[in-house]
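Novice: Based on what follows, work out the 3D shape:
(2 chains)
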Amino acid sequence: MTLIKTTYNRRSFLKSSTLAGGGMILGFSWLASCKPSPEQVSNIPKEWFDINAFLKIGDNGTVTIMSPNPEIGQNVKTSMPMIVADELGVDWKNVIVEQAPLNTDIFQRQLAGGSQSIRAGWSGLRMAGATARHMLVAAAADTWQVNASEITVDNGVISHATSNNSAGFGDMASKAATMSIPEEVQLKETADFSIIGTDKRNVDGPNIVTGKPLFGIDIQEEGMMIAMIVHPPAFGLTYKSMNANAIKSMPGIKDVFPIDVYKDDTERQWSDAGSIDKLVAIVGESTWQCMQAKKALNVEWEETSALESTKGHDEALTKLMNTSSKEPARKDGNVASAFKKANQIIERTYSAPFLAHNTMEPMNFYADVTAERALFNGPIQTPEFLEKTLASRLGMPVEKIDIKMSRMGGGFGRRLYGTFGVEAAVISQHMQAPIKLVYTREDDMTQGTYRPTYKVKYKAGLDKEGNLIAWHVKGAGSNDDLLFENRFPAGAVDNYLAEKFSLETNVTTGAWRAPRSNFVAGAEQAFLDEVAEAAGKDPIEFRLELFDRAIKNPVGNPEKNDYDPVRYAGVLKLVRDKADWDGSQKNGTARGVSAYYCHNSYVAQVLDLNNDSKSPKVDKVWCAVDCGIVINPMAAKNQIEGGIIDGIGHATYSEMTFKDGQPQHKNFDTYRLIRHKEAPKKIETYFVDNGIDPTGLGEPSLPPIIGALANALYKSTGQRHYKQPFITEKPVIG
Amino acid sequence: MANFSVKVNGEIKDIDVDPSTPMLWVLRDHLKLVGTKFGCGIAQCGACTVHLGDNAVRSCQLPISAVGEQSITTIEGLSENGDHPVQKAWLEEDVYQCGYCQAGQIMNASAFLKRNPNPTDTEIEDAMNGNICRCGTYTRIKKAIKNASSISNA
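Specialist: Sure thing, here's the model as predicted:
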């Protein structure tokens, strides 16, 4: 039996009058936004009873569950309420899910990032459901005058067998709402889960396929105007002057003015990375009119810092690859003497470009700022941090700022940095009217918080028996030092040295799906493949030997190692079996393997390239995942598939380059993203069933696939790939 | 500015806009039909796909002045109750992640299937190649299109 104290989370059990008092409306968006189906109409309760901040129960047994976290396509809007519903004991078909607004008093960590929503939310969500179940049972026990411990709850029905009493949730809801909140509650045994671990379709699916207004860019409000921004065309430039009068008279244009997005005294959060302090705002009646004005506007910019270029970044990173660090990130044994003793030494350098996030929904935000209060709605991964910046910039207490979270047309880390929300606020304040700020694709792609450009150099030493005796890694990136020095193969090699460097640039960078891992995993796994080949060993066997070392006799303090070698080896063995690795390759295919651990989850992959045509295509990917308990397998597989396709696509085709500070790609005509034809024909995903508390899935499948692809390409073409995008080193898939 | 009458989802709409205004913005800003999405504005991503007659077109490159008598169908008008075979197949496969590009994918797929009710995998890939899905749901999209073709042909 798992008992969980409810007290630590006491504030979340304040009755939802707190929500109402905050001015946020717990409306039923599925009714407001579209005509309800006859089934929905019959399901509308006459009265709702608030049990706790996460849920309320209607008099007909329908349950509304709030989804606390922002939805960026990682499907938490379905999976988080599933956890609540399972502990509550409700039939999933009687559940309505609503997106919660930002409310840090009652919800924790309302943030989409780091693949942490499920992992961090797990206990709290279970507790919310279990507490409500406890209160329903207490209400029934009191009503029937029986012992609560004899009452069972199943599929929304509360039963007491010996007295032959039963009631629906709706019958007990009003009384349950008045019951005292238990000090501790009993959670279900994992074996008793009936919703967790089953396929549940996306709760927004019907609205997505019929084009309902779900996204920030879809927001329409009374009196709302459209706003656009003009930002400097290059990093290193700032606003000087413009010919505002030339466009003020254009049709539909309301105003054109420079804005100070941030002021000197604005208290910035980490989420304000990538901010451009001074911009030009154009406000008009319609998007097209604003776009026309934007084209006609001439702005003069002045140089405030160096205008950097890709060539310069590349040279500077190369220089760092030949630099020694006075303070290595990690040092075990003595690599120098080990290399002297080595029978073979392999040294390779890998590089990767800046990447734009390119969410399909460009940045946008709705703002309605008055002297008394400020209302916001839009796509944001970090609403809590945005609220803090807004409070500082607007000089307004957070209590007067309300932020609603719209569904997001992709995040990938871009919407961690909510500077567009601050821009919207300042524009609305200036106009004294509600506005919706919309970026064009060009704005979006050229005002990035890009994935940094990286280089990493690996040097490995093998003894006569092909044992890995020395490992030296140097990593560097723009505004980011790349390495996770305590990850594999740290702890598995006697002589290990990790050095890392950060190259300061004025090109703004930030988290991009699976930060750092998105490059270093592919490089490391491609290098290991080459080292295994030099050692004359099968690439999976070679890795398993290293894991075995880390399990039986870890180098250094095992507590320091940031991975569990047993789980790591577990996914590698699972994918080996599923892909029939030992059964060798089919004719006409080339095969690569890779494994990586990040965001608390373990992933191993085998990728087959089909060599039938002149240019190879990805035929099939097998993927083994250890993320503990899987909440929603159908959606979990979707995340895995997406990460694989995303990784293959970016490693093969995508890059952002700079010349004189200017981003050289502005739209999808020259910035290439993976398309239908280039996607794998088939992806099979297998989860390790171990009952461990769940960890994240939004990111972990992306990093290793780049290594698997590089290794398969080598088998196919005989050419190793060291530089991303691989398309610059032909041949490539496509 | 000029007056136009366009037939959208079976209804005649009178709109007073600049003749150069793309249908994408007429739909989104003026008719409040926001199911059609803005992705790139240069016909490279397919998020804004609508039907012009029976053809899938990029509404970001279709000025209202070029529409004339032709009828326009958007995702909102694809079916009465969201039960077009392609919509049903998308629900069945749980295709979407963020969902933003999917209206364009569905509009492109539905026009394609009308032309080619029994497509091969290669034909599906060729037909859908202009629609980007940044989340990477391509394998599910292909499966859903195959399912939709069998639903339609049943």
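
Novice: make it CA atoms for all contacts and neighbour counts henceforth
Specialist: OK.

Novice: give me every residue that touches the residue nearest the centre of chain A.
Specialist: Nearest to the mean C-alpha position of chain A, counting by CA atoms, centre = their mean, stands A:Gly113 at 4.5 Å. If a contact means CA atoms under 8 Å, 6 or more residues apart in numbering or on different chains, then A:Gly113 has A:Gln381, A:Gly413, A:Leu416 as its contacts.

Novice: what about the chain, any weak spots by pLDDT?
Specialist: I went with chain A, as the question did not name one. A:1-43, A:583-586, A:612-614, A:729-734 (pLDDT under 70).

Novice: looking at chain B here, not the other one
Specialist: B:152-154.

Novice: Okay, and which of the contacts of A:Gly113 map to strands?
Specialist: Nothing among those maps onto strands, per DSSP state E.

Novice: Show me the one in the residues you listed that has more neighbours than the rest.
Specialist: Counting neighbours by other CA atoms under 10 Å in any protein chain shown, A:Gln381 comes out on top of the contacts of A:Gly113 with 28 neighbours.

Novice: In chain B, what residue spans correspond to strands?
Specialist: According to DSSP E, chain B carries its strands in the segments B:2-8, B:11-17, B:49-52, B:55-58, B:71-73.

Novice: So which of the contacts of A:Gly113 is the closest to A:Ala521?
Specialist: Set against A:Ala521, the nearest of the contacts of A:Gly113 by CA to CA is A:Gly413 (18.2 Å).

Novice: ok, and the residue in the stretch 551-700 of chain A that chain B sits nearest to, which helix or strand is that part of?
Specialist: Of the stretch 551-700 of chain A, the residue with the smallest distance to chain B, taken as CA to the nearest CA, is A:Gly642 at 4.3 Å. A:Gly642 belongs to helix A:633-653 when assigned by DSSP states H and E.

Novice: quick revisit: need the phi and psi values for the residue nearest to the centre of chain A.
Specialist: Dihedral angles of A:Gly113 (phi, psi; degrees, to the nearest 10) stand at phi 180, psi 150.

Novice: Quick check: it vs A:Leu416, distance?
Specialist: 7 Å (CA to CA, to the nearest Å).

Novice: ok, back up a step: is it true that the residue of the stretch 551-700 of chain A closest to chain B touches B:Gly136?
Specialist: Yes - the criterion here is CA atoms under 8 Å, and A:Gly642 meets it with B:Gly136 at 4.3 Å.

Novice: on contacts alone, who are the packing partners of the longest helix anywhere in chain A?
Specialist: In chain A, taking DSSP state H as the definition, the longest helix is helix A:117-144. Where contact means 3 or more CA pairs under 8 Å, 6 or more residues apart in numbering or on different chains; DSSP states H and E, helix A:117-144 is packed against strand A:48-52, helix A:76-88, strand A:151-154, strand A:157-160, helix A:169-176, strand A:184-187.

Novice: Quick one: neighbours of the closest residue to A:Lys188 other than its chain neighbours, just the number.
Specialist: Nearest-residue entry for A:Lys188: A:Glu87, 6.5 Å, with adjacent residues in sequence omitted and distances by CA to CA, 6 or more residues apart in numbering or on different chains. When neighbours are defined as other CA under 10 Å, A:Glu87 has 28 of them.

Novice: same question, A:Lys319
Specialist: Neighbours of A:Lys319 (other CA under 10 Å): 10.

Novice: Likewise for B:His51?
Specialist: Neighbourhood size, B:His51 [other CA under 10 Å]: 24.

Novice: same question, A:Ala281
Specialist: The number of residues near A:Ala281, taken as other CA under 10 Å, comes to 22.

Novice: With B:Met1 instead?
Specialist: B:Met1, neighbours per other CA under 10 Å, totals 11.

Novice: List the residues that contact the nearest residue to B:Gly46 once chain neighbours are set aside.
Specialist: Leaving out its chain neighbours, the residue that sits closest to B:Gly46 by CA to CA, 6+ apart is B:Asn131, at 4.4 Å. Counting by CA under 8 Å, 6+ apart, B:Asn131 touches A:Arg675, A:His676, B:Gln44, B:Cys45, B:Gly46, B:Ala47, B:Cys101, B:Gly104, B:Gln105.

Novice: roughly how far apart are the fourth one and B:Asp29?
Specialist: What it means is B:Cys45. Taking CA to CA, one finds B:Cys45 at 20 Å from B:Asp29.

Novice: Neighbour count for these two, which is higher?
Specialist: Remark: of B:Cys45 and B:Asp29, B:Cys45 carries more neighbours, 27 against 18, as counted by other CA under 10 Å.

Novice: Which residues belonging to stretch A:557-568 are considered buried?
Specialist: Buried residues in stretch A:557-568, counted by 16 or more other CA atoms under 10 Å in any protein chain shown: A:Pro558, A:Asn561, A:Asp562, A:Tyr563, A:Asp564, A:Pro565, A:Arg567, A:Tyr568.

Novice: Point out the other helices and strands that the helix or strand hosting the last one packs with.
Specialist: Secondary structure assigned from DSSP H and E places A:Tyr568 in helix A:565-578. Judged by 3+ CA pairs under 8 Å, 6+ apart, helix A:565-578 is in contact with helix A:539-552, strand A:589-598, strand A:601-610, strand A:617-626.

Novice: Output the ones you listed as a markdown table; include the columns distance to chain B and mean neighbour count.
Specialist: Listed next are the helices and strands packed on helix A:565-578 as a markdown table, based on distance: least, CA to the nearest CA, whole Å; neighbours: other CA atoms under 10 Å in any protein chain shown:
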| stretch | distance to chain B | mean neighbour count |
| --- | --- | --- |
| helix A:539-552 | 27 | 19 |
| strand A:589-598 | 19 | 27 |
| strand A:601-610 | 15 | 28 |
| strand A:617-626 | 11 | 25 |
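
Novice: Serialize those to TSV and add fields for distance to A:Pro725.
Specialist: As requested, these are arranged in TSV below (distance: least, CA to CA, whole Å):
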stretch	distance to A:Pro725
helix A:539-552	24
strand A:589-598	18
strand A:601-610	17
strand A:617-626	16
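
Novice: any shared contact partners between A:Gly113 and A:Leu416?
Specialist: With CA under 8 Å, 6+ apart, A:Gly113 and A:Leu416 have common neighbours A:Gln381.

Novice: Just give me how far the helix holding A:Tyr568 sits from the chain centre.
Specialist: Averaging C-alpha positions (CA atoms, centre = their mean, to the nearest Å) puts helix A:565-578 24 Å from its chain's average.

Novice: Could you check how far the residue nearest to the centre of chain A is from chain B?
Specialist: Counting by CA to the nearest CA, to the nearest Å, the separation of A:Gly113 from chain B is 15 Å.

Novice: can you pull up the bridge partners for residue 58?
Specialist: With no chain named, the answer covers chain A. Residues in a beta bridge with A:Gly58, per DSSP bridges, are A:Trp48.

Novice: sorry, should have said chain B
Specialist: Going by DSSP bridges, B:Arg58 forms beta bridges with B:Thr49.

Novice: check contacts around it.
Specialist: Counting by CA under 8 Å, 6+ apart, B:Arg58 has contacts B:Ala43, B:Gly46, B:Ala47, B:Cys48, B:Thr49, B:Val50.

Novice: close enough to count as contact, the fifth one and B:Met107?
Specialist: Pointing back at B:Thr49 there. Yes - with contact defined as CA under 8 Å, B:Thr49 reaches B:Met107; the gap is 6.1 Å.

Novice: Between these two, which contacts overlap?
Specialist: B:Ala56.

Novice: what about those two, which has more around it?
Specialist: B:Thr49 (30 against 27).

Novice: Distance check, the more buried one against A:Ser325.
Specialist: In terms of CA to CA, B:Thr49 sits 53 Å off from A:Ser325.

Novice: and the spatially most central residue of chain B, what is it in contact with?
Specialist: Centroid-nearest residue in chain B, with CA atoms, centre = their mean: B:Met107, separated by 2.8 Å. B:Met107 makes contact with B:Thr49, B:Val50, B:His51, B:Ala56, B:Thr74, B:Ile75, B:Leu78, according to CA under 8 Å, 6+ apart.
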